[in-house]
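Q: would you be able to build a 3D model of this:
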Amino acid sequence: MNPSQSKAIQYAAWEKETEHIFDGWWKETPWRIENPTVKIRWGPDKRRTQAWENYDHIARISDGKPFLQCQRCQLTLAHPSLRSIGTSTLNRHIETEQCKETAKRRGYKPLDGYFKKKEKGRPLHSRYNASI
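A: Below is the predicted model:
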């Protein structure tokens, strides 16, 4: 990389269609080699709640460290397998003004009613796609 170029951090996204390519690359990254016992659960299909639908599973290209990226505002968060975060943290992020404003600028519809309670105290979840 030319020093005059942007120093933006780059990420590789995990996708179901190309998981075998991603997994082959990721298993050889410095982060994975240094953390062989940490189990990372890639992909929302292994999750039991819709809160994960607003996030992409990514890994930093330079070292392979796993993260989540909000699809609505592009904020990068620690991967839940590395810290004790769960759906409450993910849901709180979606409710922040920063996320809401950025999502609106990017053409996402509001998630009205996303956290309203239904019977038995479970949250209602609905996902809206970008209108672009």
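
Q: C-alpha only now, for contacts and for neighbours.
A: Noted.

Q: which residue ranges form the helices in this protein?
A: 19-26, 30-34, 87-95, 97-105 (DSSP state H).

Q: how about the shortest one: buried residues?
A: Meaning helix 30-34. Neighbour counts over helix 30-34 (16 or more other Cα atoms under 10 Å) mark 31-32 as buried.

Q: equivalent analysis for stretch 99-113, please.
A: Of the residues in stretch 99-113, those buried (16+ other Cα under 10 Å) are 99-100, 103, 108-109.

Q: out of the residues you listed, flag the one nearest to residue 51.
A: Nearest to residue 51 out of those is residue 99 (Cα to Cα; 14.6 Å).

Q: circling back: out of the helices of the chain, nearest to residue 75?
A: helix 97-105 (8.1 Å).

Q: counting by contacts, list what the closest one packs against.
A: Here helix 97-105 touches no other helix or strand, going by 3 or more Cα pairs under 8 Å, 6 or more residues apart in numbering; DSSP states H and E.

Q: now the angle from that helix to helix 87-95?
A: 60 degrees (axes from the mean of the first three to the mean of the last three Cα atoms, to 10 degrees).

Q: do you know how far residue 53 is from residue 62?
A: Going from residue 53 to residue 62 by Cα to Cα, to the nearest Å gives 26 Å.
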